[in-house]
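Q: Sequence first, predicted coordinates after that:
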Amino acid sequence: MSIRRRRKWSSWPRTSRHVARSCCQTVEVMMSSSTNSENYPFDTEFGEDGSVLNEGHQKYRRYRPDEVKQACDEARNEALASVEAETNRRLAASAEQIAAHIQPVLPYAMSLAEQMRRESAELALAIARKIGGEALRQFPEHSVTACIQQALDLLPKRVALVVKVMPEIADEMRARLSELLPGEDMVSVEGDPSVSPGAWSIAWETGGISGSPEALTEHLEKLVEEYLAQPLNPQGDLFASVA
């Protein structure tokens, strides 16, 4: 059996009044801070489905997922609009620079285009003369047939038509017309030595019509002259809307 000796109160270590007072104040502050709910208010209001209805008086706002998505979409659209505006501005500046470089050489380019247009028209006319003349000289079948058909449609019925061509092609022309115009016994073909190569004539009682490579050439020349008489459209107008 152990025996504990009791110490007298006077033998216990003593604490100064100043230290004891400071410790009491510290304990009071800790207790008051732990029990004070106003320093960290929780006044957020939630709905039945868990959504935030009112965030209360908070220092930092919390964003919902839909609000974050909306903010991202707005920022993306704003960035795209800014990039598009900058791109358009640079394109306009580049177009102005191109137009500034082209304007000095535009008169020379127009004269060169006019020269090329005339040379192209003259070349086309020369080719048409060659091809058209050779085609008529070989056998003016299509021209004669078309004119005969037109005359038969316009003239009164049962009108005799006389077709005159070179003697060398009279028989061939007669055979071809009998195939193309069956039943037209009022159309006759005659060989005329005075007819030039490629020329032909269709005569009836009160009139007639004729064709030749020379007439075709004159018609082509007239078409080319009308084409060249038209003013050349200046290409500088392409940059008018840009500048």
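A: That came through fine. Numbering: from 1, shown residues only.

Q: Asn77: neighbour count?
A: Neighbour count for Asn77, taken as other C-beta atoms under 10 Å: 10. For glycine as for every other residue, the C-beta is placed from the backbone atoms N, C-alpha and C.

Q: Over to the one 10 residues further on?
A: The local packing of Thr87 (other C-beta under 10 Å) involves 10 other residues.

Q: tell me which element it falls in.
A: Applying DSSP states H and E as the criterion places Thr87 in helix 65-102.

Q: swap in Lys164?
A: Assigned by DSSP H and E, Lys164 falls within strand 161-165.

Q: For the chain, which segments count as strands?
A: Using DSSP state E, the strands of the chain run over residues 45-46, 52-54, 161-165, 187-191, 200-204, 207-211.

Q: circling back to that earlier point, parallel or antiparallel, list what pairs with the strand holding Lys164.
A: Strand 161-165 has its sheet partners listed here by DSSP bridges as strand 187-191 (parallel), strand 200-204 (antiparallel).

Q: For it, output the C-alpha coordinates as PDB.
A: Included here for strand 161-165 are C-alpha records, laid out as PDB according to Å, rounded to 0.1, in the frame of the first residue of the first chain:
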ATOM      1  CA  LEU A 161     -37.700  27.200-159.000                       C
ATOM      2  CA  VAL A 162     -34.500  27.100-161.000                       C
ATOM      3  CA  VAL A 163     -31.200  26.500-159.200                       C
ATOM      4  CA  LYS A 164     -28.000  27.400-161.100                       C
ATOM      5  CA  VAL A 165     -24.600  26.200-160.000                       C
END
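
Q: Please tell me how far Gln230 sits from Gln115.
A: 15 Å (C-beta to C-beta, to the nearest Å).

Q: out of the strands paired with strand 161-165, which comes closest to Glu172?
A: Nearest of the strands paired with strand 161-165 to Glu172, taken as C-beta to C-beta: strand 187-191 at 9.3 Å.

Q: contacts for that closest one?
A: Judged by C-beta atoms under 8 Å, 6 or more residues apart in numbering, the contacts made with strand 187-191 from elsewhere in the structure are 148, 160-170, 173-174, 177, 181.

Q: follow-up on the earlier one: turn the strands of the chain into JSON lines, including mean neighbour count, mean pLDDT and distance to Glu74.
A: As requested, the strands of the chain are exported to JSON lines (neighbours: other C-beta atoms under 10 Å; pLDDT from 0 to 100; distance: least, C-beta to C-beta, whole Å):
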{"stretch": "strand 45-46", "mean neighbour count": "10", "mean pLDDT": "71", "distance to Glu74": "27"}
{"stretch": "strand 52-54", "mean neighbour count": "11", "mean pLDDT": "66", "distance to Glu74": "21"}
{"stretch": "strand 161-165", "mean neighbour count": "21", "mean pLDDT": "83", "distance to Glu74": "85"}
{"stretch": "strand 187-191", "mean neighbour count": "17", "mean pLDDT": "83", "distance to Glu74": "85"}
{"stretch": "strand 200-204", "mean neighbour count": "19", "mean pLDDT": "78", "distance to Glu74": "82"}
{"stretch": "strand 207-211", "mean neighbour count": "13", "mean pLDDT": "74", "distance to Glu74": "77"}
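
Q: Reformat those as TSV; add distance to Arg89.
A: TSV is the format used below for the strands of the chain (distance: least, C-beta to C-beta, whole Å):
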stretch	distance to Arg89
strand 45-46	49
strand 52-54	43
strand 161-165	73
strand 187-191	75
strand 200-204	69
strand 207-211	64
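
Q: Ala95: which of these is closest?
A: Closest to Ala95 of the strands of the chain, according to C-beta to C-beta: strand 52-54, at 52.6 Å.

Q: mind checking how far Ser51 is from Glu78?
A: Using C-beta to C-beta, which is the criterion applied here, Ser51 is 28 Å from Glu78.

Q: Cool, thanks, signing off.
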